[in-house]
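Undergrad: Dropping the sequence and predicted coords here.
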Amino acid sequence: MENAIDQLITWSKDLKVLYVEDDISLREEVSIFLSDIFESVDLATNGQEGLDKLALNHYHIVITDIRMPVMGGIEMIETVKVLYPDQPILVTSAHNEIEYLVKLINLGVDNFITKPLQSEQIFKVLHKIVEHINQKKELRKYKDDLENANVKLQKLTLTQSKDIDFKTSVLKSYKKALDAACIVSMTDINGIIKDVNTNFCKVTGYT
């Protein structure tokens, strides 16, 4: 468990969390707990406040209760999934709210913690979410590295191609200058002439 906690803290040091909960004492208690793990923790008292904060900020994880005034967690999540389909969401629910779980699963939410919240339970679920976020981050970095390597390879290929073109052009110039200044003939091992330049023909009279 200690290794998992250390790993979670390492992965979460630059992550931002939005915690939506209407219960004041629980909100304050859990926010202190989350602040020890994540870079920053923003709070909202209901689903509408949560949506307002999401419109202004990017959060790596949204943690929300279900039953809240003004706008409940289910309605908020429905809107979030339309606006931000890939947003990781963790739902905290009471035992008597199991009837909502099927609807949440259909919305693509599969991370739940039942109340009363237990630190070990929270660590376990957060570790799962953050591990997935970290894997996606590494995958994006790997993809970016491949794309950068491909760009560099294309530039190198273009440079080498230009270098080859330049050398070919120089060789052609040398050949042209050689033909203009010299008499050139090429023979096989038996002395049979295989090729000549124009100057050779002019001097010898051969075609």
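TA: Everything's here; your move.

Undergrad: going forward, measure contacts between C-alpha atoms and count neighbours the same way
TA: Will do.

Undergrad: now the residue most central in space within the chain, what's its secondary structure?
TA: Nearest to the centroid of the C-alpha atoms of the chain, with distances taken as C-alpha atoms, centre = their mean, sits residue 140, at 2.3 Å. Under DSSP: H, G, I helix; E, B strand; the rest coil, the three-state class of residue 140 is helix.

Undergrad: Please apply the same query to residue 43.
TA: Applying three-state DSSP: residue 43 is strand.

Undergrad: can you pull the contacts of it?
TA: For residue 43, the contacting residues are 18-21, 27, 31, 50, by C-alpha atoms under 8 Å, 6 or more residues apart in numbering.

Undergrad: mind running it again at 7 Å?
TA: Neighbour list for residue 43: 18-20 [criterion: C-alpha atoms under 7 Å, 6 or more residues apart in numbering].

Undergrad: So which of these is the closest to residue 177?
TA: Residue 177 has its nearest neighbour among the contacts of residue 43 in residue 18, at 76.1 Å by C-alpha to C-alpha.

Undergrad: where do the helices sit along the chain?
TA: 2-12, 24-35, 47-56, 73-83, 101-106, 119-181, 198-204 (DSSP state H).

Undergrad: between those helices, which gets nearest to residue 66?
TA: So among the helices of the chain, helix 73-83 is nearest, using C-alpha to C-alpha, at 4.1 Å.

Undergrad: Report the mean confidence score over that closest one.
TA: What helix 73-83 shows for mean pLDDT is 94.

Undergrad: Likewise for stretch 40-59?
TA: Here the average pLDDT along stretch 40-59 is 96.

Undergrad: Put the alpha carbons of it into PDB.
TA: Extracted in PDB, the C-alpha atoms of stretch 40-59 (Å, rounded to 0.1, in the frame of the first residue of the first chain):
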ATOM      1  CA  SER A  40      -4.400  22.100  -6.600                       C
ATOM      2  CA  VAL A  41      -7.900  21.400  -5.500                       C
ATOM      3  CA  ASP A  42     -10.900  23.600  -6.500                       C
ATOM      4  CA  LEU A  43     -14.200  23.200  -4.700                       C
ATOM      5  CA  ALA A  44     -17.900  23.500  -5.800                       C
ATOM      6  CA  THR A  45     -21.000  23.200  -3.800                       C
ATOM      7  CA  ASN A  46     -23.300  21.800  -6.500                       C
ATOM      8  CA  GLY A  47     -23.300  20.600 -10.100                       C
ATOM      9  CA  GLN A  48     -23.900  24.100 -11.600                       C
ATOM     10  CA  GLU A  49     -20.900  25.500  -9.800                       C
ATOM     11  CA  GLY A  50     -18.900  22.500 -11.000                       C
ATOM     12  CA  LEU A  51     -19.900  23.200 -14.600                       C
ATOM     13  CA  ASP A  52     -19.000  26.900 -14.200                       C
ATOM     14  CA  LYS A  53     -15.500  26.100 -12.900                       C
ATOM     15  CA  LEU A  54     -15.000  23.500 -15.700                       C
ATOM     16  CA  ALA A  55     -15.800  26.200 -18.300                       C
ATOM     17  CA  LEU A  56     -13.000  28.300 -16.900                       C
ATOM     18  CA  ASN A  57     -10.400  25.700 -16.000                       C
ATOM     19  CA  HIS A  58      -9.000  22.300 -17.100                       C
ATOM     20  CA  TYR A  59      -9.100  19.600 -14.400                       C
END
